[in-house]
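**Q** pasting the sequence and the predicted coordinates here, then a few questions.
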Amino acid sequence: MRSDSVTKNAERAPHRSLLKAMGYIDEELQRPIIGIANPQNEIIPGHVHLDTLVEQIKAGIRMAGGTPVEFGTIGVCDGIAMGHEGMKYSLASRELIADSCETMAMAHQFDGMVFVPGCDKIIPGMLMAAARLNIPSIIVTAGPMLSYTTADGRSLDLNSVFEAVGAYKAGKITEEELAFCEDHACPGCGSCSGMFTANSMACLCEAIGLALPGNGTIPAVYAERLRLAKKAGLKIVELVKKGIKPSDILTPTAFRNALAVEMALGCSTNTVLHLTALAKEAKVRFDLALVNEMSERVPNLCRLAPAGPYHVEDLYRAGGVQAVIRQLIDAGYYDGSALTVTGATADENTRGVRVFDRNVIRPCDDPYSPTGGIAVLYGNIAPDGAVVKRSAVAQEMLVHRGLARVFDSEDEAIAAIYGGKINPGDVVVIRYEGPRGGPGMREMLGPTSAIAGMGLDKEVALITDGRFSGATRGASIGHVSPEAAAGGPIALLREGDIISIDIPAGKINAELTDEELAARRAEWKEPAPKITKGWMARYARLVSSASDGAVLR
């Protein structure tokens, strides 16, 4: 075992002495030592309850004959960090989390790892660490938050509150109605209840094979989530004994399978960024062209918030991710021979699984859309690509042509939106918010929710070199690459330019000649860095393009 280098032989007596200082006994040190990465804290609803899950994981590990060793990591709540300087740190935290998990596992030579993430960047950060370490690993996520059903049958979630702010600013709802939404939309612990980034990534952990069946959809407050955690504890010891590593699971087939499920579910656009980064850690070829290839092949079977009326708890009741996978296997979109952390294949895991609600999970021959939920657009604004959640775009906005309203920061844009300065037909351009220029590639849930709350989401498009929350809906096109700070063409746009968007055709262009763009480029000057000290200054110098996963070089 890897841990032998810490626990075996006479020369390791000092190491054992330190372990015994914490109460470990010889019998425990002779067993597989399993690290548990627990980012529990008191600032993230999706993490506040993780200690209860970790206790069940520890119980499972001990039942299977292993020794659990828990350690902590950081985590950022994207919702609380949204709309201010704190959001610059969200995506960057993914790298810190991966590095910290790598550090702990390598320094202490754990035999296996259980990663227990809850929210947006913590899940991909831990997935990246699992791939990088390549020791037996399993993911147990926090579970989705429940949504709140009002007396008139509406379902509220975090996005409802962001949109309610826009509605309040537009005079469409009262202060009392805004307060009611604020008080009820997030009824308890778990990752925010729609198919937002955290739940998207939790579901994709199942789809790619690194989490047990049920991981993506069992609600955080259900006892079934505790039982899942205990089973994961049992299973990690089995994986160690069998020598099954992430490299055995994270194959090119697994990434195609993950994309198939992503398209069927209509996941957050952020998943493209995170799968790209994970593929780099796993040394698997993955590019945006593959995303479009799968999007054209795989139908969209689910319309979960913000794309539709259903939430992840509804997907759970309808059969969960495993029911979606079974349909995709039967239709030839998902390769059921892929190995998973159960020790069995996806085909074996899903035998006998069925769909219980055809409104939540449509059949492949009667989908919500014949194409997937995510699309990548290219054109003279985004030569390296831009990403849109196609399933959350109104039909009338799939093709759009409008005047560019250009802003050099999210703050400028949201002030204009709340100030009533955006008109139907406009294309809001928010730039210098990319990985390098932001720095940190802020999410734009504030502006998109304001537009939706004001009733303009079927008339106004928004494009940015930043990101969007998984809760974003409407013609919101992010990850424009190259970014403005790197001299990408989005930096050359001017107020009043005509922007043409054709999502079905995969195109996004400014109606400008090559000569005009070249003339503007000759005048462009690289802006000074926005942050010049601390971790984010280093991040800005080292981070790659969004099209490359926004990973550190």
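**A** Received, thanks.

**Q** name the residue closest to the centre of the protein, please.
**A** Taking Cα atoms, centre = their mean, the centroid of the chain lies closest to residue 197, which sits 3.6 Å from it.

**Q** how about the contacts made by it?
**A** Applying Cβ atoms under 8 Å, 6 or more residues apart in numbering, we find residue 197 in contact with 78, 120, 268, 270, 271, 469, 470. Placement of C-beta: from N, CA and C, glycine included.

**Q** and it, how far from residue 124?
**A** 9 Å (Cβ to Cβ, to the nearest Å).

**Q** do the same with residue 95
**A** 10 Å.

**Q** who's more crowded, those two?
**A** Per other Cβ atoms under 10 Å, whichever of residue 95 and residue 124 has more neighbours is residue 124, with 29 against 21.

**Q** who touches the helix or strand containing the more buried one?
**A** Assigned by DSSP states H and E, residue 124 belongs to helix 122-133. Helix 122-133 is contacted from outside by 37, 39, 47, 73, 75-76, 93-99, 101-102, 105-106, 113, 115, 117, 137, 139, 141, 198, 201-202, 205, 210, 246-247, 250, 274, 277-278, 281-282, using Cβ under 8 Å, 6+ apart.

**Q** and stretch 517-531, by the same measure?
**A** 88, 380, 432, 437-439, 485, 487, 489, 491-492, 494, 510, 537, 540.

**Q** restricted to strands, list those residues.
**A** Among these, DSSP state E puts residue 510 in strands.

**Q** narrow the contacts of stretch 517-531 to those in helices?
**A** 88, 537, 540 (DSSP state H).

**Q** identify the residues contacting residue 481.
**A** By Cβ under 8 Å, 6+ apart, the contact list for residue 481 reads 382, 383, 384, 385, 386, 434, 465, 488, 545, 546, 547.

**Q** now the fourth one. Nearest residue, chain neighbours left out?
**A** In other words, residue 385. Distances taken as Cβ to Cβ, 6 or more residues apart in numbering put residue 288 closest to residue 385, at 4.4 Å, once the chain neighbours are dropped.

**Q** hmm, back to that, for the helix or strand just after the helix holding residue 124, give the mean pLDDT please.
**A** Next helix or strand after helix 122-133 toward the C-terminus (DSSP H and E): strand 137-139. For strand 137-139, mean pLDDT rounds to 98.

**Q** so what touches the helix or strand following strand 137-139?
**A** Next along the chain after strand 137-139, taking DSSP H and E as the criterion, comes strand 148-149. Contacts to strand 148-149, defined as Cβ under 8 Å, 6+ apart, come from residues 155, 156, 157, 184, 185, 186, 187.

**Q** same thing but 10 Å
**A** 154-157, 160, 181, 183-188, 193, 311 (Cβ atoms under 10 Å, 6 or more residues apart in numbering).

**Q** ok, residue 49 touching residue 219?
**A** No. Taking Cβ atoms under 10 Å as the definition, residue 49 is not a contact partner of residue 219, at 11.4 Å.

**Q** what's the strand ranked longest in the chain packed up against?
**A** Longest among the strand segments of the chain by residue count, using DSSP E, is strand 399-407. On a contact count with 3 or more Cβ pairs under 10 Å, 6 or more residues apart in numbering; DSSP states H and E, strand 399-407 meets helix 410-418, strand 427-430, strand 461-464, strand 498-502, strand 507-510.

**Q** adding mean pLDDT, write those out as CSV.
**A** Written out in CSV, the entries for the helices and strands packed on strand 399-407 read as follows (pLDDT from 0 to 100):
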stretch, mean pLDDT
helix 410-418, 92
strand 427-430, 97
strand 461-464, 96
strand 498-502, 98
strand 507-510, 98
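
**Q** quick one, which of the ones you listed is nearest to residue 303?
**A** Distance to residue 303, taken as Cβ to Cβ, is lowest for strand 461-464 among those, at 20.6 Å.

**Q** okay, buried residues for that closest one please.
**A** Neighbour-count burial for strand 461-464, counted by 16 or more other Cβ atoms under 10 Å, picks out 461, 462, 463, 464.

**Q** again with stretch 478-489
**A** Neighbour-count burial for stretch 478-489 flags 478, 479, 480, 481, 482, 483, 484, 485, 486, 488, 489 (criterion: 16+ other Cβ under 10 Å).

**Q** average pLDDT across that stretch?
**A** Rounded mean pLDDT across stretch 478-489 is 97.

**Q** and stretch 158-177, by the same measure?
**A** 92.

**Q** quick one: buried residues of that stretch?
**A** 158-170, 173.

**Q** next: stretch 237-248.
**A** Buried residues in stretch 237-248 (16+ other Cβ under 10 Å): 237, 238, 239, 240, 241, 244, 245, 246, 248.

**Q** thanks a lot, catch you later.
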